[in-house]
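K.L.:
Attaching a predicted model along with its sequence, questions to come.
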Amino acid sequence: MSTLYEDYMSTGGCWKNGIIMKEIRSMNRNGKKGCRRWLTRKAMLPYFENDEKVVDAIILRKESDPQLLESECREHPECPGLRQYLTLVEDEETAEEAIEISDLFRAEATESSRSASEDSDSDSSPDKKKKKKKGGKDGKKSKNNKKDKKSKKGNRDNKSKRRSKNNGKKGKKGKKDDDEDEEKKVAKKLRAEAKKVLNGLSNKIKALNNRSSSLREALRDDLEKSAKKLTISRANLQNALDADQDLTKRGILHAQGMGDLVFSCCIQDDEISTATLKAKDAAEHAEHTLQLKKPKCAKEDK
């Protein structure tokens, strides 16, 4: 609006004396964005649609290559038991096309000077009529008025020329300002994108820190529970050992008593076995004598 007002004042209110200048600019932009994160095997599954084969193939490739093993594999900084892998999560390509049209209103110096001269002529015509009616004194006044008008015309012409020059300079400055504005816009966009990326990374780092604290708390709870279980089991084992010692003593005494009984039983068994052997020998001898006596009895019957 300020440029339009200046042009309006420079042309003396006549828009016909102004010239419309248009500038058309076309811009093409191409960009790429990517994001890589340190993820565990479990965290990689949601990004690859829970496909375990793909995740295992990625991990195998990174661990089999020595360069990738050094650069893209590491232990978790806060939980050394976890293994992390640097994986590509997001990849984007952008293309933009823009057309800008800027209008500048300027006034030519020649046309403004002509308009000023026409205005001065219109102002001088009624003064000439007054000169004819009045005498010598009026003639002197008219001469003085002519000189004043000429000086005013010169001042107007000089002002119009200065304004036209200033307008030309402003037009050049306007182009430079447009270029600077475009550069500022691009810089602002880049800053905004960088801020977004930094904010996203900071949020992710905070989330990882929160996860690590939760992991620590969970590990502490598990360790405390396992320690309690170990102390209870140790006490139970000690009690069992104490009870086993008493039982072993009792068992030893009982075994000694049973040993004496077994020894006495063995002696009795030996005596019984000898008696049975003697009885068997007597029975066999009796059978043998009976067999010898049978044929004699048969002969007597005949």
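P.N.:
Yep, it's here.

K.L.:
can I assume N28 sits in a helix?
P.N.:
No. Counting by DSSP: H, G, I helix; E, B strand; the rest coil, N28 is not found in a helix; it is strand.

K.L.:
How about it: what's its closest non-neighbour residue?
P.N.:
In space, and not counting its chain neighbours, N28 is closest to E97: 5.4 Å by CB to CB, 6 or more residues apart in numbering. C-betas here are computed from N, CA, C, even on glycine.

K.L.:
Which helix or strand contains L237?
P.N.:
Per DSSP states H and E: L237 is located in helix 136-301.

K.L.:
same deal with L86?
P.N.:
Per DSSP H and E: strand 83-107 holds L86.

K.L.:
Can you tell me the number of residues neighbouring the residue nearest to L82 when sequence neighbours are not counted?
P.N.:
Among residues not flanking L82 along the chain, H76 sits closest, at 3.8 Å (CB to CB, 6+ apart). Neighbours of H76 under the rule other CB atoms under 10 Å: 16.

K.L.:
how close does H76 get to D51?
P.N.:
23 Å (CB to CB, to the nearest Å).

K.L.:
I figured H76 hits Y85, correct?
P.N.:
No. Between H76 and Y85 there is no contact under CB atoms under 8 Å: 11.0 Å.

K.L.:
So what does N50 look like in phi/psi?
P.N.:
As for N50, its main-chain torsions (degrees, to the nearest 10) stand at phi 60, psi 30.

K.L.:
Show me the shaky parts of the stretch 1-150 of the chain.
P.N.:
Filtered on pLDDT under 70, the stretch 1-150 of the chain yields the residue ranges 1-4, 7-8, 13, 15-25, 100-150.

K.L.:
follow-up on the earlier one: state the phi and psi torsions of the residue nearest to L82.
P.N.:
phi -60, psi 130.

K.L.:
do you know how far it is from A57?
P.N.:
Counting by CB to CB - H76 and A57 are separated by 22 Å.

K.L.:
same thing with S71?
P.N.:
For S71, the distance to A57 - CB to CB - is 18 Å.

K.L.:
now E72
P.N.:
For E72, the distance to A57 (CB to CB) stands at 14 Å.

K.L.:
what does P46 give?
P.N.:
To A57, P46 is 17 Å away according to CB to CB.

K.L.:
if you count what's nearby, which of the two comes out ahead?
P.N.:
A count of neighbours by other CB under 10 Å puts A57 above the other of P46 and A57, at 12 against 9.

K.L.:
what packs against the helix or strand hosting the more buried one?
P.N.:
Under the criterion of DSSP H and E, A57 resides in helix 52-64. The contact analysis (3 or more CB pairs under 8 Å, 6 or more residues apart in numbering; DSSP states H and E) places helix 52-64 against helix 41-44, helix 66-71, strand 83-107.

K.L.:
what's the neighbour count on Y85?
P.N.:
Y85, neighbours per other CB under 10 Å, totals 21.
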